[in-house]
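1. Next one to model:
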Amino acid sequence: QVQLVESGGGLVQAGGSLRLSCAASGRTFNNYAIHWFRQAPGKEREFVAAIPWSGTTTYYADSVKGRFTISKDNAKNTIYLQMNSLKPEDTAIYYCASGNTYPIKRPNFVLYWGQGTQVTVSS
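-> Below you'll find the predicted structure:
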């Protein structure tokens with residue numbers, strides 16, 4: 001089992017920044033890469049970014065490339081999502097997720113989900 005706990009969401013004005021954290025635990029958590037998904041009201045859950053525990057190849061959705069950066073701290077078992085130049089359309093619940101393939105860009109292939117953290121960007 002893998003446990004994922006997100007933190008760092010909040011309300012920010014357009015153009016601002018937030019950093020989300022995902023703390024991972026469980027016996028085999030580092031066998032699985034960590035992904036961020038998001039779900040806006042009335043929309044489907046979508047892939048945002050991904051990073052492996054070992055290795056450096058990251059993936060980003062086109063909509064966030066150049067604005068968001070995913071990183072990791074292996075010593076703390078934590079993944080971060082630095083979000084800059086935020087836009088109102090980035091408003092969503094952001095979920096940390098993992099599974100046994102990499103990258104996972106469709107939510108139906110995710111094995112483990114965090115509880116989510118709300119990000120709201122005002123215009």
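2. Tell me how many other residues crowd the closest residue to Gln39 other than its chain neighbours.
-> Of all residues not flanking Gln39 in the chain, Arg45 sits nearest, at 4.2 Å (C-beta to C-beta, 6 or more residues apart in numbering). All C-beta atoms are positioned from the backbone trio N, CA, C, and that covers glycine. Using other C-beta atoms under 10 Å, the number of residues around Arg45 comes to 19.
3. residues touching Arg45, list them.
-> For Arg45, the contact set (C-beta atoms under 8 Å, 6 or more residues apart in numbering) comprises Phe37, Arg38, Gln39, Tyr95, Pro107.
4. next one: Thr91
-> Counting by C-beta under 8 Å, 6+ apart, Thr91 has contacts Ala40, Val119, Thr120, Val121.
5. What subset of those is buried?
-> Val119, Val121 (16 or more other C-beta atoms under 10 Å).
6. Among the contacts of Thr91, which one sits closest to Gln1?
-> Val119 (26.6 Å; C-beta to C-beta).
7. Next up, identify which helix or strand that closest one is on.
-> Using DSSP states H and E, Val119 maps to strand 117-122.
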